[in-house]
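# Quick one: sequence and predicted model below, then my questions.
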There are 2 protein chains.
Amino acid sequence: MPELRKDPIVGRWVIISTERGKRPTSFSSVSKRIAPKMCPFCPGQEDNTPPEILSYRESGSEPNRPGWSLRVIPNKYPALRVEGALDRAPKGLYDKMNGVGAHEVIIETSDHATDLVDMSDHEVRDILWAYRERMLDLQRDQRIKYILVFKNHGEAAGASLEHAHSQLIATPIIPRRVAEEIDGARRYYEFKERCIFCDIVRQEITENERLVLDFDSFIAVQPFAPRFPFETWILPKAHQSSFLEMSDGDHLTLARCFKDILSRLKLALNDPAFNFMLHTRPIDRDSHEYYHWHFEIIPKLTSVAGFEWGSGMYINPTAPEESAAYLKSIDPKKLHDVFPPATIEERG
Amino acid sequence: MPELRKDPIVGRWVIISTERGKRPTSFSSVSKRIAPKMCPFCPGQEDNTPPEILSYRESGSEPNRPGWSLRVIPNKYPALRVEGALDRAPKGLYDKMNGVGAHEVIIETSDHATDLVDMSDHEVRDILWAYRERMLDLQRDQRIKYILVFKNHGEAAGASLEHAHSQLIATPIIPRRVAEEIDGARRYYEFKERCIFCDIVRQEITENERLVLDFDSFIAVQPFAPRFPFETWILPKAHQSSFLEMSDGDHLTLARCFKDILSRLKLALNDPAFNFMLHTRPIDRDSHEYYHWHFEIIPKLTSVAGFEWGSGMYINPTAPEESAAYLKSIDPKKLHDVFPPATIEERG
């Protein structure tokens, strides 16, 4: 059973998950570039994954058999597990609890060689819809306080398999990064009686210095104080505290926005490794008026070193005004001239 | 001039330092393995660095000429600069100020091929003494609120040159990571009227499950809730809020402790890249009774990915009790059997 442990000084929870396979004597940096035929996320390999929780598939096709276009499965090496009670307990001055939660993988496509930017708008919308469906299901579990959706793309960003996938981890606590945003947004709301994210959206559209896309109901922007070069946020223009409040039609708009910004980043930075994370209102927490859901995208371009670990501050060598201007100058339609989609033969 | 910008939601300051040379169009991951003869930190290359601020050298030798054993210089590409006023200013709802501070490099040895673990106890003590001297000098500057000493060892840990060196960055704000520790320690003190770090030292010695070294006036321990496998903290056993309170004799003991633990980590993990950071009481802040200085050492073994960035939580595949037992089983005296010091010829 994984264990959650709390740092007694700063209150940060960590997940001690020894079942994920690293023994003290076995650290190495061997990477896994797996051929399509051996990839556990490819059609025909369904028996090599835990049974699916959700799939979008041809009508009449059987679960855990080919015929799907998107599949959600439990992570084979989960950081947190669904079974059991929390059993919060002290250990001297320390605190711990059982690693209860959920860890799922969203296999975004059946095609090993297709990335998010190569998919149709509707295929990307389906991924967003799957996030929604899983969040609605998981939030019925009373032990779960938060559901974090994220994607690791490329080995440098922590992906261990190259077949396009995102993940979600449901936690029995509200993660500190989210709690910090909520606390900051609440303080601003107490002072101004306005949502700080709504004010940011307004200022970014007006100033138009860091704005990359103004896309119907969403903007994509380089934030004023980015931790990393080309850090990009996608926010809904209307005030919505939860991803689950998005209207049905907006899923397709958001899919287009995602494809556009990820295409620009791929062209600008020569197919960088990246992470994205969805920040949304916690299930139980009454922050409807001042929290505002958004995606954060961070390309992996610089290293996090001693200063960042020691200070919690970041040194960013690129001004967001510069990266915004550069991203705006790029034509996302040129993506497949520079990065042609894999041919049928190459797909194996 | 670098610029400090504050994230309006969580209050995190970032340093936008475009002079460090990365243009939006020039991200690449070319590494610099520089031959000793070209290394700007080697003797004879003093003209290729900014003039030295401090050096320990043969008596009679001239500044900025060979004859030194340790040298402190301004960073050639500083994240923060000594010149100018802070000029705090708003920009709409955002806050910024000039990037005032200092960024220095401590060249730990004149020998390109020598690492900290290969040095004599007295040479390592000199490094600690140089930290002290620079902190005492810099804290006279009223604009400076904190001085963070850190080391990046190995390319994966962010080091751009292999010649042994550490760095310090003096900042015009108290970094959030330090502020969080101070706030947490203050809350504990208000409740218990005891220093939480002193309580941790006591519990770790008594339990003896995560303790690696009990070394006269210091302990080295795997913390209860480590972010990373083999994360190691070194703490003074006596209550001291600032690194500057350490008695003269303890510098040599700490040097021995450092060499011992770094030798064990090098043997256990096959010469890993690592960072270490010194956390000490801020210059001005009255936290004498409840803060407690310490070093944090983090080997670079796992990747920080979407979950960590999105949540601020960490997934650690190694229990600290396991890594402590493994480190305790290692004989640091075997270091030079496994990693022989470079010969005179190899040193070029």
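Nice, thanks for sending it over.
# For chain A, give me the ranges with low pLDDT.
A:20-37, A:343-348 (pLDDT under 70).
# Not counting sequence-adjacent ones, nearest residue to A:Val10?
Closest residue to A:Val10 apart from its sequence neighbours, by CB to CB, 6 or more residues apart in numbering or on different chains: B:Glu180 at 4.4 Å. Just so you know, the C-beta spots here come from the backbone N, C-alpha and C atoms, and that holds for glycine as well.
# Tell me how many other residues crowd the one you found.
18 (other CB atoms under 10 Å in any protein chain shown).
# same thing with A:Asp118?
Every residue meeting other CB under 10 Å relative to A:Asp118 is counted, giving 20.
# Now do the contacts for it.
A:His336, A:Pro341 (CB atoms under 8 Å, 6 or more residues apart in numbering or on different chains).
# if I look at it, how far off is chain B?
Between A:Asp118 and chain B the computed distance is 20 Å (CB to the nearest CB, to the nearest Å).
# Sheet partners, orientation included, of the strand or helix carrying A:Ile315?
According to DSSP states H and E, A:Ile315 maps onto strand A:314-316. Next to strand A:314-316 in the sheet, as set by DSSP bridges, lie strand B:13-16 (parallel).
# Show me what the helix or strand in which A:Phe191 is found is packed up against.
Using DSSP H and E, the element containing A:Phe191 is helix A:176-192. With contacts taken as 3 or more CB pairs under 8 Å, 6 or more residues apart in numbering or on different chains; DSSP states H and E, helix A:176-192 sits against helix A:196-207, strand A:274-279, helix B:306-311.
# Which one of those lies nearest to B:Pro78?
helix B:306-311 (26.6 Å; CB to CB).
# And the contacts of the closest one?
A:79, A:148, A:150-152, A:157-158, A:167, A:169, A:171, A:175-178, A:275-279, A:296, A:298, B:313-315.
# Show me which residues of that helix are buried.
Neighbour counts using 16 or more other CB atoms under 10 Å in any protein chain shown place B:Gly306, B:Phe307, B:Glu308, B:Trp309, B:Gly310, B:Ser311 of helix B:306-311 among the buried residues.
# Tell me the spatial nearest neighbour of the last one, not counting adjacent residues.
For B:Ser311, ignoring the flanking residues on the chain, the nearest one in space by CB to CB, 6+ apart is A:Pro175 at 3.4 Å.
# give the contact list for that neighbour.
A:Trp13, A:Tyr146, A:Leu148, B:Gly310, B:Ser311, B:Gly312, B:Met313.
# Can you give the strand pairings for the helix or strand hosting the third one, parallel or anti for each?
Read it as A:Leu148. In this assignment (DSSP H and E), A:Leu148 forms part of strand A:146-153. Strands adjacent to strand A:146-153 in the sheet, as given by DSSP bridges, are strand A:165-171 (antiparallel), strand A:274-279 (antiparallel).
# Identify the residues contacting the last one?
It stands for strand A:274-279. Strand A:274-279 has contacts (CB under 8 Å, 6+ apart) with A:131, A:148-154, A:157-158, A:177-178, A:181, A:243, A:265, A:293-300, B:305-307, B:309-310.
# In this model A:Glu207 seems to touch A:Leu224, though I could be wrong.
I think there's a mix-up here, since residue A:224 is Phe and not Leu. No: in this structure A:Phe224 lies outside contact range of A:Glu207 using CB atoms under 8 Å: 9.5 Å.
# between those two, who's got more neighbours?
A:Phe224 (25 against 14).
# From B:Tyr290, how far off is that one?
Distance of A:Phe224 to B:Tyr290, given as CB to CB, to the nearest Å: 34 Å.
# Also A:Ile53?
A:Ile53 is 47 Å from B:Tyr290, by CB to CB.
# out of those two, which sits in the more crowded spot?
The neighbour count for A:Ile53 versus B:Tyr290, taken as other CB under 10 Å, is higher for B:Tyr290 (24 against 19).
# Which residue, other than its chain neighbours, is closest to the more buried one?
Leaving aside its chain neighbours, B:Tyr290 sits nearest to B:Tyr189 (3.6 Å; criterion: CB to CB, 6+ apart).
# so the one you found touches B:Ile196, yeah?
Yes: at 7.2 Å, B:Tyr189 and B:Ile196 qualify as touching, with contact defined as CB under 8 Å.
# list residues touching both of those two?
B:Tyr290.
# What is the neighbour count of the residue nearest to B:Tyr290?
Neighbours of B:Tyr189 (other CB under 10 Å): 16.
# How about A:Ala225?
By other CB under 10 Å, the residues close to A:Ala225 number 25.
# and it, helix, strand or coil?
Three-state call for A:Ala225 (DSSP: H, G, I helix; E, B strand; the rest coil): coil.
# What segments of chain A are helices?
Along chain A, counting by DSSP state H, helices occupy A:121-138, A:176-192, A:196-207, A:248-269, A:306-311, A:320-328, A:335-338.
# What is the distance between the fifth one and the centre of its chain?
Read it as helix A:306-311. Mean-position distance between helix A:306-311 and its chain equals 24 Å (CA atoms, centre = their mean, to the nearest Å).
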